[in-house]
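Chemist: need a 3D model of the sequence below.
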Amino acid sequence: QVQLVESGGGLVQPGGSLRLSCVASGFTVDHFAIGWFRQAPGAEREGVSCISSKDDSSWYADSVKGRFTISRDNAKNTVYLQMGSLKPEDTAVYSCAAGPPITTCEAVPYASWGQGTQVTISA
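Modeler: Next up is the predicted model:
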């Protein structure tokens, strides 16, 4: 059974950092594209970052470039999202998802989703 479980969210002051984890079971993360998405209250879900299994290439939304870093630990079957220089507008529920590595990771049709973890940036 494919399962994704996110953790690492919390309340952080502006300028702070968090590392989110996405632990996979039922499949190996190095054979799938893994994406991080977020959804703020009243807003549509948006892609934040993703990593490809084909060539380890990654993609970032313009709003997080230079502040967030995605990485994968195959031994732990986990994908991380290191978030820094956090801003109030980063507040959202962050979810990870897995999809077939059929194209660049930002265009993959993600089919398996985790439940999400809340990230709140506030003073």
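
Chemist: beta-bridge partners for the residue nearest to the spatial centre of the chain, please?
Modeler: Here the mean C-alpha position of the chain is nearest to the C-alpha of Trp36 (Cα atoms, centre = their mean), at a distance of 2.3 Å. Beta-bridge partners recorded for Trp36 (DSSP bridges): Ser49, Cys96.

Chemist: also Gln118?
Modeler: Applying DSSP bridges, one finds that Gln118 bridges with Val93.

Chemist: what is the burial count for it?
Modeler: For Gln118, the neighbour count with other Cβ atoms under 10 Å is 12. C-beta here means a position set from N, CA and C on the backbone, and glycine is covered the same way.

Chemist: so it makes contact with Gly9?
Modeler: Yes - using Cβ atoms under 8 Å, Gln118 makes contact with Gly9 at a distance of 4.8 Å.

Chemist: need the overlap of contacts for those two.
Modeler: Val93, Tyr94 (Cβ atoms under 8 Å, 6 or more residues apart in numbering).

Chemist: please, where are all the strands along the chain?
Modeler: Using DSSP state E, the strands found in the chain span residues 3-7, 10-12, 18-25, 33-39, 46-51, 58-60, 68-73, 78-83, 92-99, 112-113, 117-121.

Chemist: what does the last one rub up against?
Modeler: What it means is strand 117-121. Against strand 117-121 from outside (Cβ under 8 Å, 6+ apart): 6-14, 16, 18, 20, 38, 83, 86-95.

Chemist: now do that strand and strand 18-25, the angle between them.
Modeler: Here strand 117-121 points in a direction 170 degrees away from that of strand 18-25 (axes from the mean of the first three to the mean of the last three Cα atoms, to 10 degrees).

Chemist: quick revisit: buried only: go through the contacts of strand 117-121 for me.
Modeler: 6, 8-9, 12, 18, 20, 38, 83, 86, 90-95 (16 or more other Cβ atoms under 10 Å).
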